[in-house]
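Predicted structure and sequence below. I'll ask about it afterward.
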Amino acid sequence: MLEVRDIHSYYGEAHVLHGASLSVAKGEVLALLGRNGMGKTTLIRSIMGVSPPNVRAGAITFKGEAILGLPPHLIAQRGMGYVPQGRRLFPSLTVTEHLTVLKPASATHGWTVAKAFEFFPRLAERRYHRGNQLSGGERQMLAVARALMIDPDLILMDEPSEGLAPVMVQHLEGIIGQLKAAGLSILLVEQNLYSALAVADRVTILETGRVVHEATAAEIGDQPETLTRFLGVH
Amino acid sequence: MTPAPTPAAAGKPSFMPRLGLAAVILGTLFFAIAPLLVPTYQISILTEVLIYAVLAMSVDILAGYTGRTPLCLGAVFGVSTYVTVYWTSTMGGSPYTGMMLGILAATLVAAIFAILAIRTTGVYFLLLTLALGMIIWGICLRWTSVTGGENGLRGAVRPAELAAHMPFYYVVFVAVAIITFIMWRFVRSPFGLTLRGIRDSDSRMRSLGYNVSLHMFIAFTVAGVFAGVAGALYAMFNDFVSPSTVALTQSVEGLLMAITGGVGTLFGSFIGALAIIGLENAVSIYTERWQTVLGLVFIFIMIFAPDGILGGIKTLLARKRG
């Protein structure tokens, strides 16, 4: 589904990603882990084509097509959904408008407004509220629902559990599980190790812009030394 | 199955549209009846209000719905006026063809400006559009063989059957009503919704699959079309054009009307145009320093109703309703 090979990304002259590589298979959830400032968000933004950063070397293919250098709107149109860090909703649009801006309310194929509300009943209750009138959990749900409206094959999620209450994190894990069951591929950036392990098939750890460890979610749980060394988990 | 909304949420959306509809009906009635109750001179002022409201609405499409404040739409308005007047006076053509050509010229100029300006935001957009507007003003001032330079051009745009103030007012009234409906449909359309998304964050819209540059180009050009329509009506209203019609003050005035009425409200432009043109005319009867009074009123509005008059009323009603 997604292949990232040896990419080098820069913020100005600051070299942030030093040849990072990863791959996400169809229907797979890959958790990208790492401490603060290791380049996780930079990698996600590089894949999505969002500038900054600037990708100066490497290759990114999505569904077999090279997408490096394409503007973000063309990458999204190819079926890549993006749930940015901090939700980044549209403050002045209502919940319904967040969805209808991407697909008319009358649409019947793929993810529709009705289907999104069925999937996120809480959003249906808040449909007339604006983006800046929602709680953290509701905002996250809306950010995911908005990404689903483009009928993606792959979703990039940047720290979706950040700032959420434990009960909402659990709820979110359930949602990611359902999306995976529906056949979606997910690249999940997380700082919350346990939340990531609860939903991921595989784990990739990033340190100072390089991939330093890859394992299945089941394996990494049995590698306390790795967790301590790269994630500071004791 | 879609879950039913909670009663509180369900009641929310139906209130404002109903009130909005009542306000639109009241406003339409006001502009329909007012000329019957005032002297001829005031009918002319009301005509000007309607024409400038269209200019202010075109400014609002960009300032209110895309979050980019233009300082060149007065010049686009003036291009339309110049072409219309030139066609009727120098070329001796029909006023209606002249108006069509005026709108076409304004659209073309807006499309060219759009290509140059859409990649900028904030203060850069403001300054770039200001510079583009100044170029038009410079051309109109210096190209004397065509524009008449500082002397301007006197036209023969208004047909004899519309020479009287009252019939002309009602022609403008109907035209503006149709234009306003089209503009309202435009900003309420799915395309208008994407413009609001761009206003909130163009990078988010890009990540969701939108070609923001193309959307901005269309929005800018459409705003130019409407500014051109206002300019063509103004040509018929004034039968004269000079560089002051394309000057920066024209763009600023359109912007002030949009801000005074309430940016992002569209219909607020009518309130803004009425307030500013009304004040200009009313205050200038009593003092030569009417611009000072206008400035003070504007400061007062910015302090007590930063969202404009209509925006302020909306906020008050929403607060009252909890």
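Arrived safely, thanks for sending.

hey, which helix is longest across chain A?
helix A:166-181 (DSSP state H).

Pull the residues that contact whichever helix or strand comes after that helix.
Per DSSP states H and E, the first helix or strand lying C-terminal to helix A:166-181 is strand A:185-190. By CB atoms under 8 Å, 6 or more residues apart in numbering or on different chains, the surrounding residues in contact with strand A:185-190 are A:1-2, A:22, A:24-33, A:40-41, A:43-44, A:47, A:85, A:153-161, A:176, A:179-180, A:196, A:199-200. Yep, even glycine has a C-beta here, placed from its N, CA and C like the rest.

which ones among those are found in strands?
Among the contacts of strand A:185-190, the ones falling in strands (DSSP state E) are A:2, A:22, A:24, A:29-33, A:154-158.

I'd like those as a markdown table, with distance to chain B and neighbour count appended.
A markdown table is the format used below for the ones in strands among the contacts of strand A:185-190 (distance: CB to the nearest CB, whole Å; neighbours: other CB atoms under 10 Å in any protein chain shown):
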| residue | distance to chain B | neighbour count |
| --- | --- | --- |
| A:L2 | 16 | 22 |
| A:L22 | 20 | 19 |
| A:V24 | 18 | 24 |
| A:V29 | 20 | 24 |
| A:L30 | 20 | 24 |
| A:A31 | 21 | 25 |
| A:L32 | 18 | 28 |
| A:L33 | 23 | 26 |
| A:L154 | 13 | 22 |
| A:I155 | 12 | 23 |
| A:L156 | 9 | 26 |
| A:M157 | 13 | 27 |
| A:D158 | 11 | 24 |
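
hang on, B:G92 in a helix?
No - read with DSSP: H, G, I helix; E, B strand; the rest coil, B:G92 is coil and lies in no helix.

Could you report the pLDDT at it?
Note on B:G92: pLDDT of 88.

What's the separation between it and chain A?
49 Å (CB to the nearest CB, to the nearest Å).

do B:A114 as well
Distance from B:A114 to chain A, by CB to the nearest CB: 18 Å.

Secondary structure element holding that residue?
helix B:95-117.

show me what contacts B:T287?
B:V293.

go on, B:L19?
Applying CB under 8 Å, 6+ apart, the residues contacting B:L19 are B:L317.

Give me the most central residue, chain A.
Chain A has A:M157 as the residue nearest its centroid, 1.3 Å off, counting by CA atoms, centre = their mean.

Just give the nearest non-adjacent residue to that residue, would you?
Spatial nearest neighbour of A:M157, chain neighbours left out: A:V83 (4.5 Å); criterion: CB to CB, 6 or more residues apart in numbering or on different chains.

got the phi/psi numbers for that neighbour?
Dihedral angles phi and psi of A:V83 (degrees, to the nearest 10) take the values phi -110, psi 100.

Contact partners for it?
A:V83 sits in contact with A:Q140, A:A143, A:V144, A:R146, A:A147, A:I155, A:L156, A:M157, A:D158, A:P160, where contact means CB under 8 Å, 6+ apart.

quick one: B:T84 from B:L141, how far?
19 Å (CB to CB, to the nearest Å).

Now do the same contact list for the closest residue to A:L102 other than its chain neighbours.
Closest residue to A:L102 apart from its sequence neighbours, by CB to CB, 6+ apart: A:M149 at 3.9 Å. By CB under 8 Å, 6+ apart, the contact set of A:M149 is A:L99, A:L102, A:K103, A:W111, A:V113, A:A116.

closest to B:F125 among the residues you listed?
Nearest to B:F125 among those is A:L102, at 25.5 Å by CB to CB.

Please list all residues in contact with the closest one.
A:R146, A:M149, A:I150, B:L208, B:G209.

To which secondary structure element type does it belong?
coil.

pLDDT score for it?
86.

What separation do you get for it and A:N132?
Taken as CB to CB, the span from A:L102 to A:N132 is 19 Å.

Alongside chain A, which residues does the stretch 101-250 of chain B contribute?
Contact residues (CB under 8 Å from any CB of the partner chain) of the stretch 101-250 of chain B with chain A: B:190, B:193-194, B:196-197, B:199-201, B:203-212.

Just the buried residues of the residues you listed.
When these are checked for burial by 16 or more other CB atoms under 10 Å in any protein chain shown, the buried set is B:193-194, B:196-197, B:199-201, B:204-212.

any weak-confidence spans in chain A?
Low-confidence segments of chain A (pLDDT under 70): A:229-234.

What segments of it are helices?
Going by DSSP H, chain A shows helices at A:40-48, A:72-77, A:95-100, A:113-119, A:121-125, A:136-148, A:166-181, A:193-199, A:217-220, A:224-226.

Of all those helices, which one is nearest chain B?
Chain B lies closest to helix A:72-77 among the helices of chain A, at 3.5 Å (CB to the nearest CB).

Around chain B, pick out the residues from chain A.
Counting by CB under 8 Å from any CB, chain A sits next to chain B at A:48, A:50, A:71-73, A:76-77, A:82, A:84, A:88, A:90-93, A:97, A:100-102, A:104, A:114, A:117-118, A:121, A:124-129, A:131, A:146-147, A:150.

Try it again at 6 Å.
Residues of chain A lying close to chain B (CB under 6 Å from any CB of the partner chain) are A:48, A:72-73, A:76-77, A:82, A:88, A:90-92, A:97, A:101-102, A:114, A:117, A:121, A:124-125, A:128, A:150.

For B:G228, which non-adjacent residue is closest in space?
B:A106 (2.6 Å).

Look up how far chain A lies from the one you found.
Distance of B:A106 to chain A, computed by CB to the nearest CB: 29 Å.

quick one: contacts for that residue?
Counting by CB atoms under 6 Å, 6 or more residues apart in numbering or on different chains, B:A106 touches B:V76, B:V79, B:S80, B:G224, B:G228, B:G231.

Now the first one: which helix or strand?
Using DSSP H and E, B:V76 sits within helix B:73-89.

and the angle for that helix with helix B:95-117?
150 degrees (axes from the mean of the first three to the mean of the last three CA atoms, to 10 degrees).

quick one, strands of chain B?
B:153-154, B:240-241.

centre of the chain versus the first one, how much separation?
When you say that, I think you mean strand B:153-154. Distance of strand B:153-154 from its chain centroid, counting by CA atoms, centre = their mean, to the nearest Å, is 24 Å.

I'd like to know how many residues surround A:K115.
17 (other CB atoms under 10 Å in any protein chain shown).

still on that earlier bit, please work out the average pLDDT along the helix holding B:V76.
Per-residue pLDDT over helix B:73-89 has a mean of 95.

For that helix, C-alpha coordinates in CSV please.
What follows is helix B:73-89, C-alpha atoms only, in CSV (Å, rounded to 0.1, in the frame of the first residue of the first chain):
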residue,chain,number,x,y,z
LEU,B,73,-12.0,45.5,-6.3
GLY,B,74,-12.7,49.2,-6.5
ALA,B,75,-10.4,49.3,-9.5
VAL,B,76,-12.1,46.3,-11.1
PHE,B,77,-15.4,48.1,-10.5
GLY,B,78,-13.9,51.2,-12.2
VAL,B,79,-12.6,49.3,-15.2
SER,B,80,-16.2,48.2,-15.9
THR,B,81,-17.4,51.8,-15.5
TYR,B,82,-14.7,53.1,-17.8
VAL,B,83,-15.4,50.5,-20.5
THR,B,84,-19.1,51.1,-20.4
VAL,B,85,-18.8,54.8,-20.6
TYR,B,86,-16.1,54.6,-23.3
TRP,B,87,-18.3,52.3,-25.4
THR,B,88,-21.3,54.6,-25.3
SER,B,89,-19.4,58.0,-25.6
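
what's that helix packed up against?
helix B:40-63, helix B:95-117, helix B:212-238, strand B:240-241, helix B:248-261 (3 or more CB pairs under 6 Å, 6 or more residues apart in numbering or on different chains; DSSP states H and E).
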